[in-house]
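**Student:** Sequence and predicted structure below; questions after.
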Amino acid sequence: GAVVSQHPSRVICKSGTSVKIECRSLDFQATTMFWYRQFPKQSLMLMATSNEGSKATYEQGVEKDKFLINHASLTLSTLTVTSAHPEDSSFYICSARGTLGQGLSYGYTFGSGTRLTVV
Amino acid sequence: AQKVTQAQTEISVVEKEDVTLDCVYETRDTTYYLFWYKQPPSGELVFLIRRNSFDEQNEISGRYSWNFQKSTSSFNFTITASQVVDSAVYFCALRTDSSYKLIFGSGTRLLVRP
């Protein structure tokens, strides 16, 4: 079945540094990637949607200069948290949607998530 | 506006009990898709089911069953003879035909005690 590999699974960084999270589709072409953020004991909140080769579309209230999303290829999307602060500590998870017939009859394939802690 | 409501924040049951997780959705679209996902403590989302708005047939998969009722805009999930391994957070989600975005409910935390 379709698999999305998300790395790193956990990262601890110092306040003020940047962190990059990668999501790779291993056996299909991810034409659209969704990035979510989840605070402890809360739901998944959509941060942005990116289509391959296009600029990401950010949800209201999400700072596009702080959360840089790149989707330059059909198999790789990255989220960079720039100048991270403790309030950015959260669980980040990607979700890919591909073209029809590529094992995505259910619509979405999620990465395993990245737990970011900013100290 | 699209919205998913999971009114049950936490449910605790004893193993082998049956448990139903409620999901109520709102949308004006006539074509839409409903999903259930399981999120164990490790964090990854496990796909359980997808239903489209034209298919109101209830579904059973092992100990899991789903009741889709358009008249009440509900898509409830029942676990029969619950097991400790069922302990997780369960999310209901909605996607409309006009957008590929998944809208998640707030989740229900299920604790199955031995």
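**Tutor:** Arrived safely.

**Student:** for stretch B:103-114, which positions count as buried?
**Tutor:** Within stretch B:103-114, the residues that qualify as buried are B:103, B:104, B:105, B:106, B:107, B:108, B:110, B:112, counting by 16 or more other CB atoms under 10 Å in any protein chain shown. In this view, the C-beta of every residue, glycine as well, is placed from N, C-alpha and C.

**Student:** which ones are touching residue 30?
**Tutor:** Using chain A. By CB atoms under 8 Å, 6 or more residues apart in numbering or on different chains, residue A:30 lies in contact with A:4, A:23, A:52, A:74, A:75, A:77, A:96, A:97, A:98.

**Student:** Can you look at chain B instead?
**Tutor:** Contacts of residue B:30 (CB under 8 Å, 6+ apart): B:53, B:97.

**Student:** Over to residue B:40?
**Tutor:** Here residue B:40 is in contact with B:46, B:87, B:88 (criterion: CB under 8 Å, 6+ apart).

**Student:** Just give the nearest non-adjacent residue to the first one, would you?
**Tutor:** In other words, residue B:46. residue B:38 (4.3 Å; CB to CB, 6 or more residues apart in numbering or on different chains).

**Student:** got a pLDDT number for that neighbour?
**Tutor:** For residue B:38, the pLDDT comes out at 96.

**Student:** Quick check: it touching residue B:87?
**Tutor:** No - Residue B:38 lies out of contact with residue B:87 (CB atoms under 8 Å); the separation is 10.0 Å.

**Student:** I'd like the contacts of residue A:30 as CSV, with neighbour count appended.
**Tutor:** CSV is the format used below for the contacts of residue A:30 (neighbours: other CB atoms under 10 Å in any protein chain shown):
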residue, neighbour count
A:4, 24
A:23, 28
A:52, 16
A:74, 17
A:75, 19
A:77, 29
A:96, 27
A:97, 22
A:98, 23
